[in-house]
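A.B. asks: What follows is a predicted protein model with its sequence.
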Amino acid sequence: MPALNQAELVLVHDPLAGDLFWQPVAGALRVRGRTVSVPSLTAVFDAAGPYYPELLDAVARQLAAPSVPAAPVVLAGHSAAGALLPALRELLARGHRPPRTVAGTVYVDAPWPLPGRSGLAALPPEQAARLRELAEDGVLPPWDIGFAEQALIDAVPDPVLRERFRAGLPRLPLAYFQEPAPAAVPDPDPARTAYLRLSPRYEETAMRVEALGHRVLRRTAHHLSPLTDPEATADALEKLALRFALRSA
């Protein structure tokens, strides 16, 4: 079996953020000799739901062609993509051909999964009501509508990169937020689960994950830092991938 420290890294973007998000980190990792898959999820929302099964299938279909024997996989999901990781781990191990060993999962500035709960149900009532109000013919505007312009400029100061990022933000159906998340639960094994906290906004989640016994790696950055500081994000992911390898040896 290939060494776990040569695991394929699968970087899953937040469905709200578009598929540009992980590309800078993927480039930094490939320069280091890593095999990296960056599945695009945006086309899933061109069709009618249910969306979660299609999101999972889209990730599985877009994995790099496996070596023989297939290398293990480390899954990293940013923000809302964290809800996909438990079911994706199960899909790759049982429903993928060939089956893939998932060496570890990394939740990157992500809410901890709430199996079976919809995104709307997880929001405070006033935020859920606001989301419903924003929908036009069942479709929401890009997530940055109403986002403080200066906050986005501060997070992504490069105007070219900022506009490329904005141009790729999809309009998601409200039905996606009404759909129950997959029922699979996060891997309880601390040897295979970790949390990468990028921004103070997710410190409470990081502390909760830490209390469950999982490794938490903290960076003093911001929620979109994989887009603007790919080398440091690549460093953090490599550190966690190596830890999975050492704990599984």
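C.D. replies: Right, received. Where do you want to start? All of these numbers come straight from a predicted model, not from anything done at the bench.

A.B. asks: So which residues make contact with the one helix or strand Tyr195 maps to?
C.D. replies: For Tyr195, the enclosing helix or strand under DSSP states H and E is strand 193-197. Strand 193-197 is contacted by residues 76, 104-110, 186-187, 203, 205-206, 209-210, 214-219, 233, 236-237, 240, 243-244 when judged by C-beta atoms under 8 Å, 6 or more residues apart in numbering. For the C-beta atoms, the positions are set from N, CA and C on the backbone; glycine is no exception.

A.B. asks: Direction included, what does it pair against?
C.D. replies: strand 102-108 (parallel), strand 215-218 (parallel) (DSSP bridges).

A.B. asks: Quick one: these as a markdown table, columns for distance to Pro24 too.
C.D. replies: Below are the strands paired with strand 193-197 laid out as a markdown table (distance: least, C-beta to C-beta, whole Å):
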| stretch | distance to Pro24 |
| --- | --- |
| strand 102-108 | 14 |
| strand 215-218 | 19 |
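
A.B. asks: Same list (the ones you listed) but as a markdown table, adding mean neighbour count.
C.D. replies: Shown next, in a markdown table, are these (neighbours: other C-beta atoms under 10 Å):
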| stretch | mean neighbour count |
| --- | --- |
| strand 102-108 | 26 |
| strand 215-218 | 18 |
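
A.B. asks: what about these, which gets the closest to Pro39?
C.D. replies: Checking the strands paired with strand 193-197 against Pro39 by C-beta to C-beta gives strand 102-108 as the closest, at 14.8 Å.

A.B. asks: I'd like to know the average pLDDT value across that closest one.
C.D. replies: For strand 102-108, the mean pLDDT works out to 96.

A.B. asks: And the contacts of that strand?
C.D. replies: 4, 7, 72-79, 82, 85-86, 89, 92-93, 186-187, 191-196, 198, 209, 226, 237, 240-241, 243-245, 248.

A.B. asks: Nearest residue to the middle of this protein?
C.D. replies: Gly77 (2.0 Å; C-alpha atoms, centre = their mean).

A.B. asks: residues contacting that one?
C.D. replies: Val12, Ala83, Leu84, Leu85, Thr105, Val106, Tyr107, Val108, Ala110.

A.B. asks: do Val59 as well
C.D. replies: Val10, Val12, Pro39, Leu41, Leu84, Leu88 are the contacts of Val59 under C-beta under 8 Å, 6+ apart.

A.B. asks: go with 7 Å
C.D. replies: Going by C-beta atoms under 7 Å, 6 or more residues apart in numbering, Val59 touches Val10, Val12, Pro39, Leu88.

A.B. asks: quick revisit: next step: the contacts of strand 102-108 restricted to strands.
C.D. replies: Counting by DSSP state E, the part of those found in strands is Val73, Val74, Leu75, Ala76, Gly77, His78, Thr193, Ala194, Tyr195, Leu196.

A.B. asks: you'd agree the fourth one is up against Ala236?
C.D. replies: Right, Ala76. No. Contact criterion C-beta atoms under 7 Å: Ala76 and Ala236 do not qualify, at 9.7 Å.

A.B. asks: Which residue of those two possesses the greater neighbour count?
C.D. replies: Ala76 (29 against 24; other C-beta atoms under 10 Å).

A.B. asks: What does the pLDDT read for that one?
C.D. replies: For Ala76, the predicted pLDDT is 97.

A.B. asks: Show the contacting residues for it.
C.D. replies: Leu9, Val10, Leu11, Val12, Val106, Val108, Leu237.

A.B. asks: what bridges to the closest residue to it other than its chain neighbours?
C.D. replies: Closest residue in space to Ala76, ignoring its immediate chain neighbours: Val106 at 4.2 Å, by C-beta to C-beta, 6 or more residues apart in numbering. Listed by DSSP bridges, the beta-bridge partners for Val106 are Ala76, Ala194.
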